[in-house]
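Enquirer: here are the coordinates; sequence isn't available:
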């Protein structure tokens, strides 16, 4: 049975309230985290995004909050409410900064390649954009590249491809990141480091798994699918890894400074 410590309960309530408000009551889009350079970006979003969740259904917030109430209480009992909240926020903000930096670089590069194709709509520039930004669909653009090679003034092909590329760029520039996953993954690695031999029941595994092995496997899973992104996968895997990295660093600093972890 889940045990609700004070700060875990407060974080749970805050996330659920913001989710319900954004889903049914208010437009809270400016609390989500947008890439730097987007007209929707504001600095406060590095903090507020972690209290937002996808409103299409409840599965996003449900999975994050289950992780919080399953792993958080033991850490809060060991650290105290203030330190637990500090760790949660540092991991969430850190994951947001790291991931948003990566996204900003990717969007900036996409914009440069889009402009290169706009200025010189050649088959080479077309394939450079497609292979970099649409690796799973790049082959579908090969016929268009061949047509441009044979007829550089084919306005139908140019306008058709340019429209698709511009839509992708606008969607990436103004696509927000939301969720407490970065903070949660900091909690996950902290739990694995401080309670390594605690057995966890993790769906869909049929048997318990020790926390230290769970953290390793989960980290490898996130890394693999971050590198080999599947079509339609909108999960920010590197934000999860960023939360793990920040959590690991914070724990090392606390231990090095001989800050009590219990």
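Expert: Looks like it arrived, so ask away. Every value quoted in this text rests on a predicted model; they were computed, and no experiment measured them. Residues are numbered from 1 along each chain as shown.
Enquirer: tell me the buried residues in the helix or strand that contains residue 220?
Expert: Secondary structure from DSSP states H and E places residue 220 in helix 211-227. By 16 or more other C-beta atoms under 10 Å, the buried positions in helix 211-227 come out as 211, 214, 215, 218, 219, 222, 226. In this view, the C-beta of every residue, glycine as well, is placed from N, C-alpha and C.
Enquirer: let me see the contact set for the nearest residue to the third one once chain neighbours are set aside.
Expert: Sequence neighbours aside, residue 192 is the residue nearest to residue 215 in space, at 3.3 Å (criterion: C-beta to C-beta, 6 or more residues apart in numbering). The contact partners of residue 192, taken as C-beta atoms under 8 Å, 6 or more residues apart in numbering, are 211, 212, 214, 215, 216.
Enquirer: distance of the last one relative to residue 143?
Expert: So the one you mean is residue 216. Residue 216 sits 44 Å away from residue 143, taking C-beta to C-beta, to the nearest Å as the criterion.
Enquirer: helix or strand with the lowest mean pLDDT in this protein?
Expert: Within the chain, no helix or strand scores below strand 199-200, which has a mean of 83 by mean pLDDT, DSSP states H and E.
Enquirer: give me the distance between the helix or strand residue 253 falls within and the centre of its chain.
Expert: Assigning secondary structure by DSSP H and E places residue 253 in helix 237-256. Counting by C-alpha atoms, centre = their mean, to the nearest Å, helix 237-256 is centred 15 Å from the centre of its parent chain.
Enquirer: stretch 75-89 now?
Expert: With C-alpha atoms, centre = their mean as the basis, the mean position of stretch 75-89 lies at 22 Å from the chain mean.
Enquirer: just to revisit the earlier point, list the buried residues in the helix holding residue 253.
Expert: Buried, per 16+ other C-beta under 10 Å, within helix 237-256: 237-248, 250-251.
Enquirer: of these, which is the nearest to residue 183?
Expert: Residue 183 lies nearest to residue 243 out of the buried residues of helix 237-256, by C-beta to C-beta, at 6.2 Å.
Enquirer: so what's the predicted local confidence for the closest one?
Expert: Note for residue 243: predicted pLDDT of 93.
Enquirer: now the helices for the protein?
Expert: For the chain, the helices defined by DSSP state H occupy 6-20, 45-48, 59-79, 81-119, 123-133, 142-150, 155-173, 181-194, 211-227, 237-256.
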